[in-house]
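Q: sequence? don't have it. structure:
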C-alpha cells in the first residue's frame, strides 16, 4: 500500500513550478476574499476573479503544452485549488472544474482538441459528465439533445463537455460517452438556486438537435478503463485514470475551506471571551483548544488523503501504468475521505465559535454553506466510495458502480 504524498521522481524544476503557481494563487487571495461576499450574494464569480486567474496562468494547469498550457499534474491542481479555496469556495470550485474539463479535452482525438484550442488557445471548457443527453447517429457524427446540470463554470467557458447516451450503441462501449460542443450552440437556464457554492452559477445547459462531428465523441467505458482517444500517448498527464481524477479534482476547494476555517478560529479565539464562562479569551479555554486541535487534525487528514491519491495518480500517469481496479477504488475512497474530514473540520470550528458563526457578516457561515454543498457531490459520496473500496478488499469488483 502506497503512503507517498508526492511523486518520488518529481524534478526540482517541476517542484519549483508548482511552488510558483501556488504563490501566484496566494497572491490573489486578497482579491478573492474581498469579492467573496459579492460572489455569494450575486450568485456568480466576478469576471475580475476569472481574469486574474487567467492572467496568472491558473486556468491552464491541465491544458496540453502544445496549445500553450502548463500541462502540470494533479498535486499542483490540488494545491492551487486549496489556496484559492482559503479565500473563496466558489472561485476555487471554478478554478478546479475549468481545469478538470480542460483535462477531459486532452483525452479526445487530435482533431477535437484542435477544434477547441487551435484558433483560441485561451478557450475555457465547462461541462457535465453525467449522461443527461442523447446522441443520435447521423452522417458524419451525431445529433445531440439534452439538459445538463449542474454546469459549473459555464458562464466563463467557450466550450462544454456533455455526457450522452447512444441508444443505437446499447450493449457496446459506445453506449455512454461525452461530446464536445461550443457554448454558442447551447442555452443556459438560470436554475442554480442553492445555499452553498452559490457563486459557481452551476446552471443548466440546454441543447436541442446539435450536430456534433464524430471526432468529438469519447466513450466513457473506454475512458474508465484508460483507453483514451488522444494520439499523444507520450503526454503523461493524459494517461491518468479517469474516475479517480474526476473525484479528486473536487477536493482542492474543500481543503482550502477547511484551512480557512481553522485559520479563522486561531486568529479570533484569543480576542474573544467564552460566553457564560470565566474565560476572557477563548484561546485559554480547554474546550476551544481541543476544538482547534481536532479541527486542524481533520484538515490535515483531509489533505493527506487527497495528496496520497494525487501522488498515486501522478505516478501511475508518469510511469504509463494504468492502475488496477483495487487501486482505483482506494483513490476514490481517498477523495471521499478527504471531503468528509474537511467538512468535519469546518463543523468543529462552527461549533467552537457558537451561534455567531452564522451571522451574515461572518465568513465562517459561507465556508460552512460552501463545504456542506461542495463535499456532497455525487462522485465524492463517501458511503458509495466505502462500499466500492470495502468490496474490492474482499475481491468483489464491479458490482456497485461503473465509475471506479
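A: Alright, I've got the coordinates. Nothing here was measured: the structure is a model prediction, and the numbers come from that model.

Q: may I have the residues that are in contact with residue 272?
A: With contacts defined as CB atoms under 8 Å, 6 or more residues apart in numbering, the neighbours of residue 272 are 281-282. In short, each C-beta sits where N, CA and C put it, glycine included.

Q: what's the answer for residue 269, then?
A: When contacts are counted by CB under 8 Å, 6+ apart, residue 269 is found next to 281-283, 288, 292, 352.

Q: ChimeraX command for the buried members of the residues you listed?
A: Under the burial definition 16 or more other CB atoms under 10 Å, those of the contacts of residue 269 that qualify are selected in ChimeraX by:
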select :282,283,288,292,352
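
Q: which residue, other than its chain neighbours, is closest to residue 49?
A: With CB to CB, 6 or more residues apart in numbering as the measure, residue 91 is the residue that lies nearest to residue 49, at 5.0 Å, once sequence neighbours are left out.

Q: just to confirm, which helix or strand has that neighbour in it?
A: Secondary-structure element containing residue 91, defined by DSSP states H and E: helix 89-105.

Q: C-terminal to that helix, what's the next element?
A: For helix 89-105, the following helix or strand on the C-terminal side (DSSP H and E) is helix 110-117.

Q: and the angle for that following helix with helix 89-105?
A: With axes from the mean of the first three to the mean of the last three CA atoms, to 10 degrees as the basis, helix 110-117 and helix 89-105 are set at 150 degrees to each other.

Q: tell me the buried residues in helix 110-117?
A: Of the residues in helix 110-117, those buried under the neighbour-count criterion (16+ other CB under 10 Å) are 112-113, 115-117.

Q: can you give me the helices in the protein?
A: Secondary structure of the chain, counting by DSSP state H: helices at 12-27, 29-41, 47-55, 74-85, 89-105, 110-117, 220-224, 242-248, 251-268, 286-319, 325-353, 363-374, 382-393.

Q: would a markdown table of those with mean pLDDT be doable?
A: Below are those laid out as a markdown table (pLDDT from 0 to 100):
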| stretch | mean pLDDT |
| --- | --- |
| helix 12-27 | 95 |
| helix 29-41 | 98 |
| helix 47-55 | 98 |
| helix 74-85 | 98 |
| helix 89-105 | 98 |
| helix 110-117 | 98 |
| helix 220-224 | 97 |
| helix 242-248 | 97 |
| helix 251-268 | 98 |
| helix 286-319 | 97 |
| helix 325-353 | 97 |
| helix 363-374 | 97 |
| helix 382-393 | 96 |
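
Q: so can I have TSV of the ones you listed showing distance to residue 143?
A: Putting these into TSV (distance: least, CB to CB, whole Å) gives the following:
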stretch	distance to residue 143
helix 12-27	41
helix 29-41	37
helix 47-55	32
helix 74-85	34
helix 89-105	21
helix 110-117	17
helix 220-224	19
helix 242-248	26
helix 251-268	36
helix 286-319	35
helix 325-353	34
helix 363-374	34
helix 382-393	33
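
Q: tell me which of those helices sits nearest to residue 164.
A: Residue 164 sits nearest to helix 220-224 of all the helices of the chain, at 9.2 Å, using CB to CB.

Q: hmm, who's touching that closest one?
A: The contact list for helix 220-224 (CB under 8 Å, 6+ apart) reads 107, 129, 131, 163, 173, 175-178, 228-229, 242-243, 402-404.

Q: next one: stretch 228-242
A: By CB under 8 Å, 6+ apart, the surrounding residues in contact with stretch 228-242 are 62, 64-66, 71-74, 103, 106-110, 112-113, 218, 220, 222-224, 226, 313-314, 316-318, 320, 322-323, 328, 331.

Q: list of residues touching stretch 344-359?
A: Surrounding stretch 344-359, the residues in contact under the criterion CB under 8 Å, 6+ apart are 257-258, 261-262, 264-265, 268-269, 275, 282, 287-288, 291-292, 294-296, 298-299, 302, 362, 364-365, 367-368, 371.

Q: one step back: in contact with the residue nearest to residue 49, which residues?
A: Listed by CB under 8 Å, 6+ apart, the contact set of residue 91 reads 32, 35-36, 39, 45, 49, 53, 84, 199.
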